[in-house]
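> Need coordinates for the below:
(2 chains)
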Amino acid sequence: MSCPKTQYLLQEYFSDELAPLTREELDRHLETCEFCNLELESLLFTQSNLQQWQDQRVPHWDRGLALFRQDHRAPKPNAGFWSPWQWIPTAASFAMLCLLLLNVNVVANEAGFSLAFGSQSSTQEVTQELQAQLDSLQASQRDEMQQLVIRMETRQDSNNIRLLQAVMDQSQRITTENFETMYTYFEDQRLTDLQDMRSAYQQLVDSDYETIRSLQQLVNYVGYADVVR
Amino acid sequence: MSLINEDEALIAAALNGSAYAWEKLVKRYEGKIYNQGLRLTGNPTDAMDLMQEVFLGVYRNLHRFRGDAKFSSWIFRIAHNKAIDLNRRKRLLSNQTSSLDQDEFSGFEALASGEKFEPENRLNKQQQNRRVMKMLAEIPMDQRLIVELKIFQSRTFDEIAQMQDISVNTVKTRLYAALKK
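This is a model prediction of the structure:
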C-alpha cells in the first residue's frame, strides 16, 4: 500500500510557514491515510532521535591566541608631530634656560628652601656665604682626616708592638727550646763519653791486671826454675 | 547588554587588539561549531580541524564583518562553507562517494574507547551522540547539511536554500530523503 501524496504532504509538513489551507488538507489526509500516518510517525521518530544530541565539551585548544598575539605584537606606530614624548626634552631644556637667564637661586636651609631671582649683589653674598661654608667644611674635613690619621698611626704602632712582642716571645721560646735541646745533647754526649771512659779504664785496668798476673806467673816460674836448678 | 551588542563590542575590542575579547568571542561559539563539526564529519579530529579552520577564517575576515547581519549567522555560514570544503578535500584524497566511509566510523570507536572510564551520565550522553552520528553517517553529505541546518540550527527552508544556493523544493526533498533513511 502506498500513497501518491505522501512525499509532497510530508515535505510540506516540515515547512515553516504552511498556508492554513494546506495545513487543513494535510491534517484531513492524515486522519484518513494510514500509510502517510505511519510514514510521518517514522519521520518524527527519526527527528526526535536526532534531537537527542547533547552538546559535547570542546577539547582544550589555544583559541587562536598565539596567532592573535603574534599579529598584535607589532610596535605602535609613531604618534607623529604631536607626540608628547617628543616634546619633553625640549621642554626640559627651555626650563633650564629660563633658570639660567633669570638667575634663579635656590637657597636651602633648616627652615626649608627659597627661590630667589637675584641681582648681582645678592649673588655675591650668596657666593661669599657658600665660600665660607665650603671653607669650614674643608677645615672640619681636614681635622677629621688628621684625627683619623693619628688613630691609624696609634693603632698601627700598637699593632707593631704586639707583633714584635709576639715575635720575641716566639723567638725566646724557640731559643729556650734550642738551648734545652743543646743542653740535652751535650749532657748526653758527656754521659756517653764518661761511659766510654769508664769502659776504657776498666779495660785498661783489666789488661794491667792481666799483665800483672802474667808477670807474677813469670816470676813464679822463674823462682821455681831457680829452685830446681 | 543584549547578545548582539555584546558580540559587536567584543568584535570591536578584538579588532583593537584585545586578546581577551577575542578569546571571549571564540568561547561563545566554539561549542556550537565543534558539535556541528562532530555531526558533519563524524569524528572528533576532523571536528577540531574544522573548528580551527572556521575560527581562522573568522579571524582573518573579522575586519570585513559589517554588522548588517548577526554575527552568529555569519560565523555559521563560514562553518557551513568550511564543512563543504573539508568534505570535498576528503573525497578528493580518499576518492570516495559522498557517504561516510569506514575511516570516518573510526571516530565512533575513538568515542567508545573513552567511554569505559566515564561517569554514567556522560556515558549515556556519549552513547546517544554515537547513535545520532551513526544515523547521520548513513546519509550523504548534502542531506546531512540540510539536517544540520534544519533540525540542529532551526533554520527556515528559505535560509537553507539561500545558503546552499539551491531551491526550497530541493531543500525539502533532501530533508525528507534524509529523515526517511
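> Show me which residues of chain A sit near chain B.
Contact residues (Cβ under 8 Å from any Cβ of the partner chain) of chain A with chain B: A:7, A:10-12, A:14-17, A:39, A:42-43, A:46-47, A:49-59, A:61, A:63-65, A:67-69, A:72. Backbone N, C-alpha and C define where each C-beta goes, glycine included.
> show me where the chain has helices.
Using chain A here. A:6-13, A:20-32, A:34-50, A:65-71, A:84-101, A:120-228 (DSSP state H).
> oops, I was thinking of chain B
Going by DSSP H, chain B shows helices at B:3-15, B:19-41, B:44-61, B:71-94, B:102-115, B:120-137, B:141-147, B:157-164, B:168-180.
> about what we covered before: kindly reformat the helices of chain A as JSON lines containing mean neighbour count, distance to B:Arg174 and mean pLDDT.
Shown next, in JSON lines, are the helices of chain A (neighbours: other Cβ atoms under 10 Å in any protein chain shown; distance: least, Cβ to Cβ, whole Å; pLDDT from 0 to 100):
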{"stretch": "helix A:6-13", "mean neighbour count": "18", "distance to B:Arg174": "10", "mean pLDDT": "78"}
{"stretch": "helix A:20-32", "mean neighbour count": "12", "distance to B:Arg174": "20", "mean pLDDT": "81"}
{"stretch": "helix A:34-50", "mean neighbour count": "15", "distance to B:Arg174": "13", "mean pLDDT": "88"}
{"stretch": "helix A:65-71", "mean neighbour count": "13", "distance to B:Arg174": "37", "mean pLDDT": "87"}
{"stretch": "helix A:84-101", "mean neighbour count": "10", "distance to B:Arg174": "63", "mean pLDDT": "84"}
{"stretch": "helix A:120-228", "mean neighbour count": "10", "distance to B:Arg174": "99", "mean pLDDT": "87"}
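> can you list those helices in a markdown table and add distance to B:Ser18?
As requested, the helices of chain A are arranged in a markdown table below (distance: least, Cβ to Cβ, whole Å):
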| stretch | distance to B:Ser18 |
| --- | --- |
| helix A:6-13 | 47 |
| helix A:20-32 | 50 |
| helix A:34-50 | 38 |
| helix A:65-71 | 9 |
| helix A:84-101 | 24 |
| helix A:120-228 | 57 |
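> ok, and which of the helices of chain B has the densest surroundings?
Ranked by mean neighbour count, the helices of chain B are led by helix B:141-147 with a mean of 22 (mean count of other Cβ atoms under 10 Å in any protein chain shown).
> Need the residues that contact that one.
Identification of contacts with helix B:141-147 by Cβ atoms under 8 Å, 6 or more residues apart in numbering or on different chains yields A:50, B:39-40, B:80, B:83-84, B:87, B:98-99, B:136, B:139, B:160, B:164, B:171, B:174-175, B:177-179, B:181.
> Domain boundaries for chain B, per the record?
Domain segmentation of chain B under automatic domain parsing yields B:3-138, B:141-181.
> now those as CSV including mean pLDDT?
Output for the domains of chain B, formatted as CSV (pLDDT from 0 to 100):
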stretch, mean pLDDT
domain B:3-138, 80
domain B:141-181, 89
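> To A:Val107, which of those lies closest?
domain B:3-138 (51.6 Å; Cβ to Cβ).
> and the closest one, anywhere near chain A?
Yes - Domain B:3-138 lies within reach of chain A by Cβ under 8 Å from any Cβ, at B:14, B:17, B:19, B:22-23, B:26-27, B:30-32, B:34-35, B:38-39, B:44, B:48, B:51-52, B:55-56, B:59, B:125-126, B:128-129, B:131-132, B:135-136.
> residues in contact with residue 54?
Chain wasn't specified; assuming chain A. A:Gln54 neighbours (Cβ under 8 Å, 6+ apart): B:Lys125, B:Gln128, B:Asn129.
> nope, chain B
B:Ile33, B:Ile75, B:Ile78, B:Ala79, B:Lys82.
> any idea how far it lies from chain A?
Going from B:Val54 to chain A by Cβ to the nearest Cβ, to the nearest Å gives 10 Å.
> which one is that residue nearest to, not counting chain neighbours?
In space, B:Val54 comes closest to B:Ala79 once its chain neighbours are excluded; the distance is 4.7 Å by Cβ to Cβ, 6 or more residues apart in numbering or on different chains.
> before we move on, the earlier item: in JSON lines, list the contacts of B:Val54 along with distance to A:Ala200.
Below are the contacts of B:Val54 laid out as JSON lines (distance: Cβ to Cβ, whole Å):
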{"residue": "B:Ile33", "distance to A:Ala200": "125"}
{"residue": "B:Ile75", "distance to A:Ala200": "129"}
{"residue": "B:Ile78", "distance to A:Ala200": "130"}
{"residue": "B:Ala79", "distance to A:Ala200": "129"}
{"residue": "B:Lys82", "distance to A:Ala200": "128"}
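> measure A:Pro4 to A:Gln47 for me?
23 Å (Cβ to Cβ, to the nearest Å).
> Let's check: the centremost residue of chain B is which one?
B:Gln36 (2.9 Å; Cα atoms, centre = their mean).
> correct me, but it touches B:Ile151?
No - under the criterion of Cβ atoms under 8 Å, B:Gln36 makes no contact with B:Ile151, lying 11.7 Å away.
> Of the contacts of B:Val54, which is the nearest to chain A?
Chain A lies nearest to B:Ile33 out of the contacts of B:Val54, by Cβ to the nearest Cβ, at 8.5 Å.
> Next, residue 17: phi, psi?
Using chain A. Taking degrees, to the nearest 10, you get phi -130, psi 80 for the backbone angles of A:Glu17.
> oops, I was thinking of chain B
Dihedral angles (degrees, to the nearest 10) for B:Gly17: phi 110, psi 10.
> wait, it sits on A:His72?
Yes - B:Gly17 is in contact with A:His72 according to Cβ under 8 Å; the separation is 4.4 Å.
> Now distance to A:Gln202 too, for the domains of chain B, in CSV please.
CSV is the format used below for these (distance: least, Cβ to Cβ, whole Å):
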stretch, distance to A:Gln202
domain B:3-138, 111
domain B:141-181, 136
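> Against B:Glu159, how distant is the residue nearest to B:Val54?
14 Å.
> For stretch A:161-172, output the C-alpha coordinates as CSV.
Presented in CSV, the C-alpha positions along stretch A:161-172 are these (Å, rounded to 0.1, in the frame of the first residue of the first chain):
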residue,chain,number,x,y,z
ILE,A,161,104.5,46.4,69.3
ARG,A,162,102.2,43.5,69.8
LEU,A,163,103.6,41.8,66.7
LEU,A,164,107.2,42.4,67.8
GLN,A,165,106.4,41.1,71.3
ALA,A,166,104.8,38.1,69.8
VAL,A,167,107.9,37.5,67.6
MET,A,168,110.2,37.9,70.5
ASP,A,169,108.2,35.6,72.6
GLN,A,170,108.2,33.2,69.8
SER,A,171,111.9,33.5,69.3
GLN,A,172,112.6,33.4,73.0
